[in-house]
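Chemist: requesting a structural model of the entry that follows:
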Amino acid sequence: MGLAKWHWLKLVREWKTRIILIAFLIFFSSFSLFYRQQSLDLPLDEARSQYEVTQQLFHIIPEAHFEGELGTEVYDLLAQQQRLYGMQRYILSEKEGNTVEAMVSVVDNYLDNGRTIAENQLRLWEMTDFESYLVLTGTLPDREELQQELAFYTYLDDHQLNIEWNPYSASQVLYQQAELIVGIVLFVFAALLAADRFTQDQKNNWSVTQGNPISWKKQWHQRSAQLWGLMWIVTGTGMLVSYGVSVVRESTGSLWYPIGVFFGEKIEYIATWQYIGMLVFLGMILSYILLLFSTGLSWMIRNIYLTIGLTISVYFIPYIWQLMGPFSSWQPSLYLHIVPVVKGATAAELGISSINTWKIVLSFGVCLLLLEGIFALIFQLIPTKTMGLKRRETS
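Modeler: Next up is the predicted model:
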């Protein structure tokens, strides 16, 4: 206990650690301000674009193709689509929610309109005998995406939620920040914090490397856990400050708003707060693994820059499998990029539907066991001044 306290005091008093923590705290706290500098496509812009695309179809498709029973049905569906997109555009421009109170007798509900649009587009996909079928379907989302849209509108309706017209709302910015944090930022943060946790001890205290009564493995766990605690205190504080700034400057949004998560067979929608909580939980596990890895490397090689480089390079391992193809969906390295796995992008890119969200925790567990086994062997050796390793002498 005394050694752990001494390591803690030494850690929080280091100028390098303080600078890193303050820098990341400022970055996380001001994320909402940086995010607002981006130029994002608003839902209103998308509705306008779809309205114009539908209007252009009437000019591109020859009039003769709209003749007959099938052609007339296509024409009527496109006309209805254009009318619905016009109403969607108006509802979004008013920023009142799913309808406009003053025009409720004229303007339909946004969710009802959205469902009708998706159902019409699915019907258009079925009209394979239409003469301009390729032109028509070239403007449509694919069937899977349309099914997801229907599930999205159903979720909003079941939970009595309004469509989010503002991508800069506090809830939207918070989940975007969570996605950023569990990506490359997590690897950089862990690498910078842990790269020299053992380096100075190994260089300046050679007498303790042979006979320290506290095992190196125990110190490895203690130091990594202390860094992990500081990392998430800073991260959590920064996220809360950023969320508070967003609430003051923009609309609040809803933490119940649906976000799609890939669970193996299909995309299912969960609330924003659940999605953020899941990312933070997975990020906590991954960050602890990275801190163990980086701290262990600092004991082995005692080169700060090499340790930082090796830790950050772990982030790029999943890209290897995009070039040569993975051997199995159970490869732990496939799950180092949390967000693409959770959203189903990894499964789609590699063509393996069995790469899904619930396997992330299992893969991290395998990584943790591998690290424990590898460093248990390494800590039986001691570093020498020539930066090699030799077996620890026993009395």
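Chemist: could you check how far Leu161 is from Gly253?
Modeler: To Gly253, Leu161 is 10 Å away according to Cβ to Cβ, to the nearest Å. The way it works is simple: take the backbone N, C-alpha and C, and place the C-beta from them, glycine included.
Chemist: whoops, Ala64 was the one
Modeler: In terms of Cβ to Cβ, Ala64 sits 48 Å off from Gly253.
Chemist: please apply the same query to Leu134.
Modeler: 39 Å.
Chemist: who's more crowded, those two?
Modeler: For Leu134 and Gly253, the more surrounded residue by other Cβ atoms under 10 Å is Gly253, and the numbers stand at 23 against 8.
Chemist: sec struct for the more buried one, please.
Modeler: The local conformation at Gly253, judged by DSSP: H, G, I helix; E, B strand; the rest coil, is coil.
Chemist: quick one: contacts for it?
Modeler: Taking Cβ atoms under 8 Å, 6 or more residues apart in numbering as the contact definition, Gly253 lies against 164, 166, 169-172, 272.
Chemist: tabulate those (TSV), appending distance to Glu372, pLDDT and secondary structure.
Modeler: Formatted as TSV, the contacts of Gly253 follow (distance: Cβ to Cβ, whole Å; pLDDT from 0 to 100; DSSP: H, G, I helix; E, B strand; the rest coil):
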residue	distance to Glu372	pLDDT	secondary structure
Glu164	43	88	coil
Asn166	46	87	coil
Ser169	43	91	coil
Ala170	40	93	helix
Ser171	38	93	helix
Gln172	39	93	helix
Thr272	35	95	helix
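Chemist: what is the most widely separated pair among those?
Modeler: Farthest pair in the contacts of Gly253 (Cβ to Cβ) is Asn166 and Thr272. Separation: 13.7 Å.
Chemist: excluding chain neighbours, give the residue nearest to Glu94 in space.
Modeler: In this structure, Glu94 finds its nearest non-sequential neighbour in Val100, 4.8 Å apart by Cβ to Cβ, 6 or more residues apart in numbering.
Chemist: residues near that neighbour, how many?
Modeler: Val100 has 17 nearby residues by other Cβ under 10 Å.
Chemist: look up phi and psi at it.
Modeler: Per-residue torsions, Val100: phi -110, psi 110 (degrees, to the nearest 10).
Chemist: and the strands in the chain?
Modeler: Shown for the chain, the strands assigned by DSSP state E span residues 258-262, 267-271, 381-383, 389-391.
Chemist: just checking: what are the partner strands of the second one?
Modeler: The strands that strand 267-271 pairs with in its sheet are strand 258-262 (antiparallel) (by DSSP bridges).
Chemist: next one: the strand it pairs with to chain centre, how far?
Modeler: Put simply, strand 258-262 sits 11 Å off its chain's centre (Cα atoms, centre = their mean, to the nearest Å).
Chemist: run through who's touching that strand.
Modeler: Here strand 258-262 has contacts from 148, 152, 155-156, 159, 161, 175, 267-272, 275, 278, 341-344, 347, 356-357, using Cβ under 8 Å, 6+ apart.
Chemist: so how many other residues sit close to Leu370?
Modeler: Using other Cβ under 10 Å, Leu370 has 12 other residues around it.
Chemist: same check on Gly86?
Modeler: Using other Cβ under 10 Å, Gly86 has 18 other residues around it.
Chemist: give me every residue that touches it.
Modeler: Tyr51.
Chemist: check the gap between it and Thr54 for me.
Modeler: 10 Å.
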